[in-house]
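A.B. asks: kindly return the folded structure for what I paste below:
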Amino acid sequence: MAMFSASRLFLLYLVMIGLVQIYVEAAEIGASTIVVEQRNGMKGRLLLSTDCSAACGERCKKASRHKMCLRACGTCCARCNCVPPGTSGNQDLCPCYANQTTHGGRLKCP
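C.D. replies: Numbering: from 1, shown residues only. A predicted model of the protein is given here:
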(Lines give C-alpha, C1' and ligand atoms only; values in the text may rest on other atoms or scores of the structure.)
Protein backbone atom coordinates (compact mmCIF):
# COMPACT_ATOMS: atom_id res chain seq x y z
CA MET A 1 0.00 0.00 0.00
CA ALA A 2 2.82 2.42 0.86
CA MET A 3 4.57 1.60 -2.43
CA PHE A 4 1.43 2.45 -4.39
CA SER A 5 1.18 5.85 -2.68
CA ALA A 6 4.84 6.61 -3.33
CA SER A 7 4.47 5.86 -7.04
CA ARG A 8 1.40 8.11 -7.26
CA LEU A 9 3.25 10.88 -5.47
CA PHE A 10 6.20 10.53 -7.85
CA LEU A 11 3.90 10.66 -10.89
CA LEU A 12 2.21 13.78 -9.52
CA TYR A 13 5.64 15.33 -8.98
CA LEU A 14 6.61 14.66 -12.63
CA VAL A 15 3.39 16.20 -13.92
CA MET A 16 3.90 19.31 -11.81
CA ILE A 17 7.49 19.69 -13.05
CA GLY A 18 6.22 19.44 -16.64
CA LEU A 19 3.59 22.13 -16.08
CA VAL A 20 6.13 24.47 -14.48
CA GLN A 21 8.44 23.97 -17.47
CA ILE A 22 5.63 24.85 -19.91
CA TYR A 23 4.81 28.06 -18.03
CA VAL A 24 8.47 29.08 -17.86
CA GLU A 25 8.93 28.52 -21.60
CA ALA A 26 5.79 30.54 -22.33
CA ALA A 27 7.04 33.39 -20.17
CA GLU A 28 10.36 33.39 -22.03
CA ILE A 29 8.55 33.65 -25.36
CA GLY A 30 6.42 36.50 -24.03
CA ALA A 31 3.05 34.92 -24.62
CA SER A 32 -0.04 36.53 -23.12
CA THR A 33 -1.69 33.31 -22.00
CA ILE A 34 -1.59 29.58 -22.49
CA VAL A 35 -4.77 28.05 -23.84
CA VAL A 36 -5.65 24.39 -24.15
CA GLU A 37 -7.29 23.92 -27.53
CA GLN A 38 -10.38 21.73 -27.39
CA ARG A 39 -11.88 19.96 -30.35
CA ASN A 40 -14.86 17.63 -30.09
CA GLY A 41 -14.59 17.67 -26.30
CA MET A 42 -11.02 16.33 -26.36
CA LYS A 43 -8.09 18.27 -24.98
CA GLY A 44 -5.51 19.07 -27.62
CA ARG A 45 -2.09 20.65 -27.68
CA LEU A 46 -1.11 23.76 -25.76
CA LEU A 47 -1.21 26.95 -27.84
CA LEU A 48 0.32 30.30 -27.08
CA SER A 49 -2.47 32.82 -27.41
CA THR A 50 -2.54 36.55 -28.10
CA ASP A 51 -5.04 38.82 -26.34
CA CYS A 52 -6.79 39.80 -29.59
CA SER A 53 -9.21 42.32 -28.11
CA ALA A 54 -6.42 44.36 -26.51
CA ALA A 55 -4.09 44.08 -29.50
CA CYS A 56 -6.85 45.05 -31.97
CA GLY A 57 -8.02 47.87 -29.73
CA GLU A 58 -4.53 49.35 -29.96
CA ARG A 59 -4.26 48.65 -33.70
CA CYS A 60 -7.64 50.25 -34.50
CA LYS A 61 -7.65 53.18 -32.07
CA LYS A 62 -7.12 55.76 -34.85
CA ALA A 63 -9.28 54.10 -37.51
CA SER A 64 -12.10 56.17 -39.01
CA ARG A 65 -14.31 53.05 -39.09
CA HIS A 66 -13.46 51.71 -35.64
CA LYS A 67 -16.00 48.87 -35.41
CA MET A 68 -15.17 47.54 -38.88
CA CYS A 69 -11.46 47.69 -38.07
CA LEU A 70 -11.98 45.77 -34.82
CA ARG A 71 -14.04 43.09 -36.56
CA ALA A 72 -11.48 42.53 -39.35
CA CYS A 73 -8.54 42.69 -36.97
CA GLY A 74 -10.21 40.22 -34.60
CA THR A 75 -10.74 37.73 -37.43
CA CYS A 76 -7.15 38.07 -38.58
CA CYS A 77 -5.81 37.79 -35.04
CA ALA A 78 -7.84 34.64 -34.38
CA ARG A 79 -6.47 33.03 -37.56
CA CYS A 80 -2.85 34.17 -37.18
CA ASN A 81 -2.49 34.56 -33.40
CA CYS A 82 -0.63 37.84 -33.85
CA VAL A 83 -1.27 41.53 -34.56
CA PRO A 84 1.47 43.91 -35.76
CA PRO A 85 2.32 46.70 -33.31
CA GLY A 86 1.21 50.28 -33.94
CA THR A 87 -1.83 51.68 -35.68
CA SER A 88 -0.62 50.87 -39.22
CA GLY A 89 2.30 49.30 -41.05
CA ASN A 90 4.75 46.89 -39.37
CA GLN A 91 3.10 43.99 -41.18
CA ASP A 92 6.47 42.36 -41.81
CA LEU A 93 6.40 41.35 -38.13
CA CYS A 94 3.34 39.18 -38.71
CA PRO A 95 3.38 37.70 -42.25
CA CYS A 96 0.20 35.65 -41.77
CA TYR A 97 -1.69 38.81 -40.79
CA ALA A 98 -0.30 40.68 -43.80
CA ASN A 99 -1.21 37.94 -46.31
CA GLN A 100 -4.92 37.56 -45.45
CA THR A 101 -7.17 38.67 -48.31
CA THR A 102 -10.90 39.08 -48.93
CA HIS A 103 -12.78 37.15 -51.62
CA GLY A 104 -12.19 40.15 -53.88
CA GLY A 105 -8.41 39.90 -53.47
CA ARG A 106 -8.02 43.01 -51.27
CA LEU A 107 -6.05 42.95 -48.04
CA LYS A 108 -8.33 41.90 -45.19
CA CYS A 109 -6.37 42.93 -42.12
CA PRO A 110 -6.04 46.57 -41.05
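A.B. asks: please count neighbours and contacts with C-alpha atoms only from this point.
C.D. replies: Fine.
A.B. asks: ok, how many other residues are close to residue 79?
C.D. replies: Close neighbours of residue 79, defined as other Cα atoms under 10 Å, add up to 12.
A.B. asks: for it, give me the pLDDT.
C.D. replies: pLDDT recorded at residue 79 is 89.
A.B. asks: just the one 10 residues further on next, same as before
C.D. replies: The predicted local distance difference test score for residue 89 is 86.
A.B. asks: cool, and residue 71?
C.D. replies: 93.
A.B. asks: so where's the protein uncertain?
C.D. replies: 1-4, 23-49 (pLDDT under 70).
A.B. asks: can you show me the strands along it?
C.D. replies: 33-39, 42-49 (DSSP state E).
A.B. asks: who's in contact with residue 94?
C.D. replies: 82, 83, 84 (Cα atoms under 8 Å, 6 or more residues apart in numbering).
A.B. asks: among those, which one has the most neighbours?
C.D. replies: residue 83 (29 neighbours).
A.B. asks: residue 85 - how many residues pack around it?
C.D. replies: Around residue 85 there are 15 other residues, counting by other Cα under 10 Å.
A.B. asks: put together TSV for the contacts of residue 94, with distance to residue 56 on each row.
C.D. replies: Shown next, in TSV, are the contacts of residue 94 (distance: Cα to Cα, whole Å):
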residue	distance to residue 56
82	10
83	7
84	9
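A.B. asks: of those residues, which is the nearest to residue 11?
C.D. replies: Closest to residue 11 out of the contacts of residue 94 is residue 82 (35.9 Å), distances taken as Cα to Cα.
A.B. asks: so that closest one makes contact with residue 97?
C.D. replies: Yes: applying Cα atoms under 8 Å, one finds residue 82 in contact with residue 97, separated by 7.1 Å.
A.B. asks: which residues are in contact with the closest residue in space to residue 57 that isn't next to it in sequence?
C.D. replies: By the measure of Cα to Cα, 6 or more residues apart in numbering, the closest residue to residue 57 outside its immediate chain neighbours is residue 70, 6.8 Å from it. Counting by Cα under 8 Å, 6+ apart, residue 70 touches 56, 57, 60.
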